[in-house]
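Peer 1: Structure for the following, please:
(2 chains)
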Amino acid sequence: MTDLLEVRDLTKTFGGLSAVKNLSFCVSEGETVGLIGPNGAGKTTIFNLIMNEFRPDSGEIFFKGEAISRYPTHERVKLGIARTYQVPRPFSEMTVGENIRVGMLPDNLWKMVTEETEEALEIEIGRSVGFDDHQIAQQPSELAMGDLRRLELARTLAIQPSLLLLDEVFAGLTLGEIDQISELLVERKKYGLTYVMVSHDLRSMAPLVDRVIAVSFGEIITEGTFDEVVNNKIVQEAYLGQ
Amino acid sequence: MCLLPLVVSTGTLRIFIFANFLAIFAMSWDILSGRTGYISFGHPFLIGIAGYTTAMLTYHLGWPLYTTIPIAVVATMIGGTLFFLPALRTRGTYFALVTLAFMEVMYHSMQVVQPKLTGGTRGLSGLPTLVSGAIPNYYLSFLVMFAIGVGLWLLIRTRLGIALDAIRMDEDAVRSSGLNTTRLKLFAFMVSAMVAGIGGALYIHYLGSIAPRGIFEINFLFTILVAALLGGAGSIVGPIIGAFFLTFLLELLRPYIPGAARYLIYGVIALVLYYYAPKGIYSFVELLRIRLTGLSQAKKND
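Peer 2: Numbers count the residues shown, from 1 in each chain, chains lettered A, B, ... in the order given. Okay, here's the model as predicted:
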């Protein structure tokens, strides 16, 4: 397996706080990785750095072998990385379908203006995350939290990424909703989607990831299979305190 | 609208002409600010570039209007872009302030830098007009306004419209959808500048004169803004409705509130809008349309 994503010696400090310290890890193609750690461990910061929402103080990021550290966000997305947000951020005055459409837009003004919307594909993506046709015509304000998370997922899937960064996709969901999203991810994994997942819901994460990386205070404590990591003494101490 | 000159007086027609121009400026403002949420306080700046370009070329060099007006439009797009490119990197309030600063800088520089060229404080007058008389000017301004409206409507109903709307709602999320938002904003800006340029150049040659105080005036800026917001920003029809409504409102108030005090009405309008119709008059039209089509839908279902 080749490395799809490589993060090398990434460091980011906010004022005096080092959010991420000399962090390095790789994600292979087709692999699914869980990123765990207590609150404030730097998980979301790692995602923000990969997407260039913050600039790292030092370190390099490689995607498909290419050094992308200097690329702006939209270029990184075009190469195939997409993320969801911890707090869903739908376009509030648009319908679910239109939200998905934004994800499908080409980054080319000419194509954007001249080509027609592929409504069939839009609906297909909406249905693939479990929306019915009625919901696709609804606005985000009419949706429940679980639906908003699914919308977030649909919009990122519409980008057709090869690497997906999932930030707390299970937070605030009912068990039924968690099952639904899990099934969807298992399905996508079968078709070769690579993802990195941040979640506090370890039980739901367990069947979805090949490997787990545990971080605390911006540093990797350990990595390995799910069982290895959660049974690791240092990880348990980091989570529960000493 | 086409038969209007037959039924109203020349004086009223002149009000309609102003409303047409205001509608053009309001649409220009709306395509940038109403869509992307980047509030421009600098539209008089754009109108000024166009106005002064064509005024100086015709006044000093005697160039014909059919060359100076296109040059003025291109100059607005290029000049505006050069100045606004840095501004497009700022956000929210900062963008508004930066654009406001441009307007002020232009206001003062037009008066003191090279007054021989610009006419200084008095500006330039005796400029050639495209057509003369209220009726031809009415038709001209109306046709241009209508054509711009249709053009913008065709542009906005493509997927570009949704991309610009998305920027207003959450620019970061648009960027993480793989879109170069700077380019999108720049495009919206250039379309806006083009419309402002066309409107500005034609407006100057309708008036036959240009003066810094007439263009770079805060009340002129607010008239454009209020027209767009009052009618309903983010729609093409909204700014047009707003422009006509506002123009006639100001005219109706003229006998009661003289001079610049009429502009106090902007404050009242802002408050009323804020409380009762944040999306402008156009939202009532939409609501009515939905009610009516909804009713006919319901009847069909019965």
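
Peer 1: show me what contacts residue 54?
Peer 2: By default, I'm working from chain A. Counting by CB atoms under 8 Å, 6 or more residues apart in numbering or on different chains, A:Phe54 touches A:12, A:45, A:48. C-beta coordinates here come from the backbone N, C-alpha and C atoms, glycine included.

Peer 1: um, chain B though
Peer 2: The contact partners of B:Thr54, taken as CB under 8 Å, 6+ apart, are B:65, B:68-69, B:71-72, B:201, B:204-205.

Peer 1: check those against chain A, which are close?
Peer 2: The subset of the contacts of B:Thr54 within reach of chain A, by CB under 8 Å from any CB of the partner chain, is empty.

Peer 1: Please narrow the residues you listed to those residing in strands.
Peer 2: Within these, no residue falls in strands by DSSP state E.

Peer 1: just these: which has the poorest pLDDT?
Peer 2: Among the contacts of B:Thr54, B:Leu65 carries the weakest pLDDT, at 87.

Peer 1: Who are the contact partners of A:Ile159?
Peer 2: A:77, A:82, A:103-104, B:177-178 are the contacts of A:Ile159 under CB under 8 Å, 6+ apart.

Peer 1: The same query, at a cut-off of 6 Å, please.
Peer 2: Contacts for A:Ile159 (CB atoms under 6 Å, 6 or more residues apart in numbering or on different chains) come out as A:82, A:103, B:178.

Peer 1: Just read off the phi/psi values of it.
Peer 2: phi -70, psi -10 (degrees, to the nearest 10).

Peer 1: And the pLDDT for it?
Peer 2: pLDDT, A:Ile159: 92.

Peer 1: same thing with A:Val113?
Peer 2: 89.

Peer 1: Relative to A:Gly65, how far out is whichever residue of chain A sits closest to chain B?
Peer 2: Among all residues of chain A, A:Val77 sits closest to chain B, at 3.4 Å; criterion: CB to the nearest CB. A:Val77 sits 18 Å away from A:Gly65, going by CB to CB, to the nearest Å.

Peer 1: which parts of the stretch 151-300 of chain B sit against chain A?
Peer 2: B:158-160, B:162-163, B:166, B:169-170, B:173, B:175-180, B:187 (CB under 6 Å from any CB of the partner chain).

Peer 1: residues in contact with stretch B:34-52?
Peer 2: Residues contacting stretch B:34-52 (CB under 6 Å, 6+ apart): B:29, B:32-33, B:72, B:75-76, B:79-80, B:95-96, B:99-100, B:102-103, B:106, B:164, B:167-168, B:185, B:188, B:193, B:196-197, B:200-201, B:204, B:210, B:215-216, B:220-221, B:224, B:228, B:233-234.

Peer 1: Excluding residues flanking it in the chain, which one is nearest whichever residue of the stretch 151-300 of chain B sits closest to chain A?
Peer 2: At 3.4 Å from chain A, B:Gly178 is the closest residue in the stretch 151-300 of chain B, using CB to the nearest CB. Nearest-residue entry for B:Gly178: A:Val77, 3.4 Å, with adjacent residues in sequence omitted and distances by CB to CB, 6 or more residues apart in numbering or on different chains.

Peer 1: Could you break chain A into its assigned domains?
Peer 2: Following automatic domain parsing, chain A resolves into domains at A:3-80+A:161-240, A:92-159.

Peer 1: Would you reformat the ones you listed as JSON lines and include distance to B:Leu250?
Peer 2: As requested, the domains of chain A are exported to JSON lines (distance: least, CB to CB, whole Å):
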{"stretch": "domain A:3-80+A:161-240", "distance to B:Leu250": "44"}
{"stretch": "domain A:92-159", "distance to B:Leu250": "31"}
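
Peer 1: Cool, thanks, talk later.
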